[in-house]
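> Give me the fold of what follows.
(4 chains)
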Amino acid sequence: MLQDKFFTVLLVGLVVIAFSMLFRVFKGPTVYDRLNGLGVIGTDAILILILWGFLQKRVEMYVDIALSYAILGFISLVVLAKFLQGKGDADL
Amino acid sequence: MRILAIFFLMGGFFFTTVAALGVIRFPDFYTRLHAAGKGDTLGIALSITGLALYHGFNLVSLKLMFIVFFIFLANPIGTHVLSGAAYKTGIRPWTGKGE
Amino acid sequence: MNNRFGTIVLDISFRVIIPFIMLYGVYVLIHGEDSPGGGFQAGALFGIAVVLSRLVHGEQAILNVSGDKALILAGIGTAIYGSVGVVTLLFGGNFLEYGTLPLNISEPGRHALGILAIELGVTICVMSTIVVIFDALVGREEE
Amino acid sequence: MREKLIQYSILSSILFLFWVIFSGKLDVKHLMIGAVTALVIAWICSSFLQVSSVTTPGIPVKEYAVFNLPYLKLFPYLGWLLWELVKANVDVALLVLNPQMPISPQIFTFKKTMSNPVAHMILANSITLTPGTITVDVQEDVYTIHALTESAALSLAPLAGEGDMPARVGRLFNE
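Reported below is the predicted structural model:
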């Protein structure tokens, strides 16, 4: 199927992008850079989940997972940022 | 409809790639935040809209549109919180005028 | 309500988002049989909703689960989970064999009800555990 | 009191609509569960859905309801915002793909007096989404903005008058 191939290419590309974000997560230099990289990975993961659902022909299930993931990722990003705010050691 | 969907998906993928490139290339934290906050929001939103178009109009595409709406609300807030936290911690922005 | 959590943006947007997180948690809990997740995800979503409503509304929040109350709730959640299993044991089945629940309804109905009870227990347990973890983090902050 | 009842019914009907979209099951049992859930959640949340206005000296503090939005006027605004977002992305993409990367980041502040906190939330999010600017901090009605380029900063807060976006949000909320 042609569209399956198209989705697979997109999926692989997105996974490569998400992994390239790990560069930023490991390199830093500040802790907020790491959080930013994690946030981008989280947003990409939503799309990766939905694309995977399309490939598996079970979108309605993966949409729910993606939405839960979106909410949890967003809240954890905000709470972590709030938790780290104002701590002197930004170069973690 | 399919062609429009594929157009949206390609556009979304392009912007996501640019966002990732920007996060790697830009010189300091705040400029990286620009790339992540805008490129990712539009990239993912476009892609999911494309998938919703591809799927046709039913409950699943409505849910997909709700995810798009959530990303539009949540991503700027995340960017704002990160930049605010960094600003209050005392990270100064890079101005390009030598250091 | 003059003391705000963080900046005005965070405060207002959390107020907007919390009802929807709660609704989504109930949806995940109720539709546990035919869609993913169930107990654990619903518990995580509820825990987040409770923590956020405490952040924006302080002690006056109606869903003010905190400290000892959260610990007790975690115990209650585990108790629900365990007692369903024990009831099935008492009526001659295996642990968590829903078919033997002493209810006057059909076999699939008993199954669905049993799973719902289990997931309710897991939800309450996970929710209060998240609240306890949050309290521990904040407490460490204040020391 | 009547105001509160209206807000309560608005919120619970929005929640019920979302329940129907998500559940997708239109039998009596699931609709009943949805209705009860929507009413209970609206009651739980009603306590924190009133927010007091952003204080400006000389004006008495007012209460605003969070879900009391100008829904009809919101749609044209969102369309305009989407178009701005696309333009912003093309701008950022051009900057990223340009080998010299001609950026001149800067932080500046500007002031926009509005008493409705919801309007401030919408304005701050819109600023973050559009050309080369992110909201770093909002204290009462003073915005701290990080801009990627000089022109982005000028388009938001020109030297005289006020920028396009704050003016639009102001008109959206009649302030």
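
> So for the host helix or strand of C:A70, what gets flagged as buried?
Applying DSSP states H and E as the criterion places C:A70 in helix C:67-90. The neighbour-count criterion (16 or more other Cβ atoms under 10 Å in any protein chain shown) identifies C:A70, C:L73, C:A74, C:G77, C:I80, C:Y81, C:V84, C:G85, C:V87, C:T88 as the buried residues of helix C:67-90. C-betas here are computed from N, CA, C, even on glycine.

> Including pLDDT and distance to chain A, could these go into JSON lines?
Rendered in JSON lines, the data for those read as follows (pLDDT from 0 to 100; distance: Cβ to the nearest Cβ, whole Å):
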{"residue": "C:A70", "pLDDT": "76", "distance to chain A": "17"}
{"residue": "C:L73", "pLDDT": "80", "distance to chain A": "20"}
{"residue": "C:A74", "pLDDT": "81", "distance to chain A": "20"}
{"residue": "C:G77", "pLDDT": "81", "distance to chain A": "20"}
{"residue": "C:I80", "pLDDT": "82", "distance to chain A": "23"}
{"residue": "C:Y81", "pLDDT": "79", "distance to chain A": "21"}
{"residue": "C:V84", "pLDDT": "78", "distance to chain A": "25"}
{"residue": "C:G85", "pLDDT": "77", "distance to chain A": "27"}
{"residue": "C:V87", "pLDDT": "78", "distance to chain A": "30"}
{"residue": "C:T88", "pLDDT": "76", "distance to chain A": "28"}
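
> and the residue most central in space within chain D, what element?
The geometric centre of chain D, computed from its C-alpha atoms, lies nearest to D:I122 (Cα atoms, centre = their mean), at 1.6 Å. In this structure, D:I122 sits in helix D:117-129 according to DSSP H and E.

> right, is that helix up against chain A?
No: against chain A, helix D:117-129 shows no contacts by Cβ under 8 Å from any Cβ of the partner chain, the least distance being 13.3 Å.

> Which strands or helices does the helix or strand of chain B with the lowest mean pLDDT pack on?
None of the helices or strands of chain B scores lower by mean pLDDT, DSSP states H and E than helix B:29-34, at a mean of 81. Judged by 3 or more Cβ pairs under 8 Å, 6 or more residues apart in numbering or on different chains; DSSP states H and E, helix B:29-34 is in contact with helix A:31-56, helix B:2-25, helix B:59-89, strand D:133-139, strand D:142-147.

> Can I get the ones you listed in a markdown table including mean pLDDT?
Putting those into a markdown table (pLDDT from 0 to 100) gives the following:
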| stretch | mean pLDDT |
| --- | --- |
| helix A:31-56 | 87 |
| helix B:2-25 | 85 |
| helix B:59-89 | 85 |
| strand D:133-139 | 81 |
| strand D:142-147 | 82 |
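
> Kindly reformat these as TSV containing distance to chain C and mean neighbour count.
Below are these laid out as TSV (distance: least, Cβ to the nearest Cβ, whole Å; neighbours: other Cβ atoms under 10 Å in any protein chain shown):
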stretch	distance to chain C	mean neighbour count
helix A:31-56	11	22
helix B:2-25	22	19
helix B:59-89	5	21
strand D:133-139	5	23
strand D:142-147	10	22
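
> how much space is there between D:L154 and B:G11?
The span separating D:L154 from B:G11 equals 28 Å under the rule Cβ to Cβ, to the nearest Å.

> Could you do D:I14 as well?
From D:I14 over to B:G11 the distance is 31 Å, taken as Cβ to Cβ.

> How about A:L14?
If you measure A:L14 against B:G11 using Cβ to Cβ, the figure is 14 Å.

> how about TSV for the helices and strands packed on helix B:29-34, with distance to D:N68 added?
Supplementary listing: the helices and strands packed on helix B:29-34 in TSV, determined by distance: least, Cβ to Cβ, whole Å:
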stretch	distance to D:N68
helix A:31-56	30
helix B:2-25	34
helix B:59-89	18
strand D:133-139	21
strand D:142-147	23
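
> out of those, which comes closest to A:A81?
Taking Cβ to Cβ as the criterion, helix B:59-89 is the member of the helices and strands packed on helix B:29-34 that comes nearest to A:A81, at 4.5 Å.

> could you give the angle of the closest one to strand D:133-139?
Computed with axes from the mean of the first three to the mean of the last three Cα atoms, to 10 degrees, the direction of helix B:59-89 lies at 60 degrees from that of strand D:133-139.

> my guess is A:I65 meets A:L49, correct?
Yes: using Cβ atoms under 8 Å, A:I65 and A:L49 qualify as a contacting pair, with a distance of 5.7 Å.

> any residue of whichever helix or strand comes after the least confident helix or strand of chain B up close to chain D?
Moving toward the C-terminus from helix B:29-34, the first helix or strand encountered (DSSP H and E) is helix B:40-55. Yes: applying Cβ under 8 Å from any Cβ, one finds that helix B:40-55 is in contact with chain D at B:T41, B:L42, B:G43.

> who wins for neighbours among the residues you listed?
The member of those that has the most neighbours, counting by other Cβ atoms under 10 Å in any protein chain shown, is B:L42 with 29 neighbours.

> measure it to C:H31 for me?
Distance of B:L42 to C:H31, computed by Cβ to Cβ: 31 Å.

> And for A:G37?
A:G37 sits at a distance of 34 Å from C:H31 (criterion: Cβ to Cβ).

> so D:M101, which of the three states?
coil (DSSP: H, G, I helix; E, B strand; the rest coil).

> So which bits of chain D are right by chain C?
If contacts are counted using Cβ under 8 Å from any Cβ, the residues of chain D sitting beside chain C are D:11, D:15, D:18-19, D:22-23, D:30, D:33, D:37-38, D:41-45, D:47-52, D:54, D:66-67, D:117-118, D:120-121, D:124-125, D:135, D:137-140.

> how about the helices in chain D?
Applying DSSP state H to chain D gives helices spanning D:2-23, D:28-45, D:71-97, D:117-129, D:150-156, D:164-172.

> Let's have these in CSV, adding mean pLDDT.
Compiled in CSV, the helices of chain D are given as follows (pLDDT from 0 to 100):
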stretch, mean pLDDT
helix D:2-23, 83
helix D:28-45, 84
helix D:71-97, 82
helix D:117-129, 83
helix D:150-156, 74
helix D:164-172, 77
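
> and among these, the most buried is which?
The highest mean neighbour count among the helices of chain D, using mean count of other Cβ atoms under 10 Å in any protein chain shown, belongs to helix D:117-129: a mean of 24.

> Could you check the angle it makes with strand D:133-139?
With the same axes, to 10 degrees applied, the angle from helix D:117-129 to strand D:133-139 works out at 150 degrees.

> on that earlier part again, would you mind checking which of the buried residues of helix C:67-90 is nearest to chain D?
Top of the list for closeness to chain D, among the buried residues of helix C:67-90 and by Cβ to the nearest Cβ, is C:L73 at 16.0 Å.

> Nearest spatial neighbour of that closest one, chain-adjacent residues omitted?
C:S128 (3.9 Å; Cβ to Cβ, 6 or more residues apart in numbering or on different chains).

> which bits of chain C sit near chain B?
Taking Cβ under 8 Å from any Cβ as the test, the list of chain C residues beside chain B reads C:G6, C:T7, C:V9, C:L10, C:S13, C:V16, C:I17.

> residues contacting the residue nearest to B:F7 when sequence neighbours are not counted?
With Cβ to Cβ, 6+ apart as the criterion, B:F7 has its nearest non-adjacent residue at 7.4 Å, and that residue is B:G50. B:G50 makes contact with B:L4, B:A5, B:I6, B:F7, B:F8, B:L9, B:G11, B:G12, according to Cβ atoms under 8 Å, 6 or more residues apart in numbering or on different chains.

> can you tell me how far the fourth one sits from B:F13?
Using Cβ to Cβ, one obtains 11 Å as the distance from B:F7 to B:F13.

> which residues are common contacts for those two?
A shared contact of B:F7 and B:F13, defined by Cβ under 8 Å, 6+ apart, is any residue touching both; here there are none.
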